[in-house]
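Enquirer: build me a model:
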Amino acid sequence: MPTATLGTLELATLLAVARLQNDSYGLAIRRDLASRTGRNYSVGAIYTTLQRLEEKGLLTSRRSNPVPIRGGRSRRHFTLTGAGARALREAERHATSIWAGVGKTLRPRLA
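Expert: Predicted coordinates for the structure are as follows:
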């Protein structure tokens, strides 16, 4: 079975879910991506990506109990599926293959 093709934000989001494990809810994922990529993605972009990854079968989600503060809301936590873990391994293999042989040949030229 062919693996799903992942866009850059999809791959970064899957990696964030894998890193955050039990703390992988929307705002935490958004913060992780912002700190690692230097980009401040909109909440809509994050949730749209999470929904797309869930539809592809790479993530599952569940609602938590409301946070224990007045007016606290429940959080939607995301978990990597087996297919999601395979997609990450495949993306890593693909990137390694693409970069193979480049090594130290990429050096910036001084003007």
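Enquirer: tell me which helix or strand the spatially most central residue of the chain sits in.
Expert: The centroid of the chain falls nearest to Thr13 when counting by C-alpha atoms, centre = their mean (1.4 Å). Assessed by DSSP states H and E, Thr13 sits inside helix 8-20.
Enquirer: quick check: mean pLDDT of the next helix or strand after that helix?
Expert: Counting by DSSP H and E, the next helix or strand C-terminal to helix 8-20 is helix 26-37. Helix 26-37 carries an average pLDDT of 95.
Enquirer: one more: stretch 80-93?
Expert: pLDDT averaged over stretch 80-93 gives 96.
Enquirer: buried residues in that stretch, which are they?
Expert: Buried positions in stretch 80-93, judged by neighbour count with 16 or more other C-beta atoms under 10 Å: Leu80, Thr81, Gly84, Ala87, Leu88, Ala91. For every residue, glycine as well, the C-beta is placed using N, CA and C.
Enquirer: return the distance of stretch 56-74 from the chain's centre.
Expert: 17 Å (C-alpha atoms, centre = their mean, to the nearest Å).
Enquirer: kindly report the same for stretch 83-91.
Expert: On C-alpha atoms, centre = their mean, the centre of stretch 83-91 falls 11 Å from the chain's centre.
Enquirer: also stretch 78-87?
Expert: On C-alpha atoms, centre = their mean, the centre of stretch 78-87 falls 10 Å from the chain's centre.
Enquirer: that's a strand at Glu92, yeah?
Expert: No. Counting by DSSP: H, G, I helix; E, B strand; the rest coil, one finds Glu92 to be helix, located in no strand.
Enquirer: any idea how far it is from Arg73?
Expert: Taking C-beta to C-beta, to the nearest Å as the measure, Glu92 falls 35 Å from Arg73.
Enquirer: same question, Leu6
Expert: Counting by C-beta to C-beta, the gap from Leu6 to Arg73 is 29 Å.
Enquirer: cool, and Ala91?
Expert: For Ala91 relative to Arg73 (C-beta to C-beta), the value is 33 Å.
Enquirer: can you give me the buried ones in the host helix or strand of Gly44?
Expert: Take DSSP H and E as the rule and Gly44 turns out to sit in helix 43-55. Within helix 43-55, the residues that count as buried by 16+ other C-beta under 10 Å are Ile46, Thr49, Leu50, Arg52, Leu53, Glu54.
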